[in-house]
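Engineer: any chance you could fold what I've pasted below:
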Amino acid sequence: MLQHRSPRGTTPNEGRYIYLAVTAKRNRWSTASDLSRQLSSATCTTVSRQTVYRRLGHIGLYTRSPVRCVPLTATYCRLRLTWSRDHALWTPQQWSCAMFSDESRFSLQSDSRRTLIWRAPGTRYLQENTTERHCCGGAGWLVWGGIILDSRNDLHVQSVTMTGHIYRDVILEQHVRLFQGAMSVEFLLMDGNARSHRANIVDECLQSEDITRMDWPVYSPDLNPIEHVWDMLGR
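Structural biologist: Numbers count the residues shown, from 1 in each chain. All right, here's what the predicted structure looks like:
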């Protein structure tokens, strides 16, 4: 016995209109409801949000969170390129002496209100799929960590903002200094360019402990391996 199928809400031509005229490639921030209304206005055909999701899924477009990136000026780009070229020929032995460290805030707030975009697989880092943002806000815990080739530091967790005094007394004295003692004299510390990391009391502590800080280009979290660890942990 043949089963009756409900007629499609859109024709192939109308489906192409969704893809070509009002989908992510023209406005990646449109919601399914927005696209449904625009299609209805343009073609006098009413389709549901579920139909929009299904049709866009057929052509490889799905709702995803945009990648957050920092705004880069021409100067920042030049500094990043210079740093990358200076370290392009580093040997594994040289990298094994560098500790990449940073702190990240893990939000305690729900992300149910996050804004989604239309994105095809394999296009996560295209410019149109990113949103510029200097920092993350909201309530949460601040977690500091350091990683080095084949090893890592213990995590330090705190609920307050990182200050120069906390960074010196806790991070440098209780974590980095002890780890340096087990390393070679070529030990390097990469700690980013946060204000608390550049306080005078921190510089004095580094000098007194004979800890060498790696030069680091500003606005370059993507070059720091530990940032990708934070992302995998779902901060």
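Engineer: tell me the centre residue of this protein?
Structural biologist: residue 68 (5.3 Å; CA atoms, centre = their mean).
Engineer: all strands of the protein, in order?
Structural biologist: Ranges of strands in the chain, per DSSP state E, are 62-64, 67-69, 98-107, 117-119, 130-132, 140-148, 151-152, 156-158, 188-190, 212-213.
Engineer: for residue 225, find the nearest of those strands.
Structural biologist: Within the strands of the chain, the stretch nearest residue 225 is strand 98-107; the backing value is 5.1 Å (CB to CB). Using the backbone N, CA and C atoms, a C-beta is placed for each residue, glycine as well.
Engineer: partner strands of the closest one, with direction?
Structural biologist: Here strand 98-107 has these sheet partners by DSSP bridges: strand 140-148 (antiparallel), strand 188-190 (parallel).
Engineer: export these to JSON lines and tack on mean neighbour count?
Structural biologist: Formatted as JSON lines, the strands paired with strand 98-107 follow (neighbours: other CB atoms under 10 Å):
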{"stretch": "strand 140-148", "mean neighbour count": "19"}
{"stretch": "strand 188-190", "mean neighbour count": "20"}
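Engineer: residue 166: neighbour count?
Structural biologist: Number of residues near residue 166 (other CB atoms under 10 Å) recorded here: 18.
Engineer: please apply the same query to residue 120.
Structural biologist: Counted with other CB under 10 Å, residue 120 comes out at 16.
Engineer: turn the strands of the chain into JSON lines, including distance to residue 205 and mean pLDDT.
Structural biologist: Listed next are these as JSON lines, based on distance: least, CB to CB, whole Å; pLDDT from 0 to 100:
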{"stretch": "strand 62-64", "distance to residue 205": "43", "mean pLDDT": "82"}
{"stretch": "strand 67-69", "distance to residue 205": "32", "mean pLDDT": "75"}
{"stretch": "strand 98-107", "distance to residue 205": "14", "mean pLDDT": "89"}
{"stretch": "strand 117-119", "distance to residue 205": "44", "mean pLDDT": "82"}
{"stretch": "strand 130-132", "distance to residue 205": "34", "mean pLDDT": "76"}
{"stretch": "strand 140-148", "distance to residue 205": "15", "mean pLDDT": "91"}
{"stretch": "strand 151-152", "distance to residue 205": "22", "mean pLDDT": "89"}
{"stretch": "strand 156-158", "distance to residue 205": "16", "mean pLDDT": "94"}
{"stretch": "strand 188-190", "distance to residue 205": "11", "mean pLDDT": "94"}
{"stretch": "strand 212-213", "distance to residue 205": "11", "mean pLDDT": "92"}
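Engineer: right, I'll leave it there.
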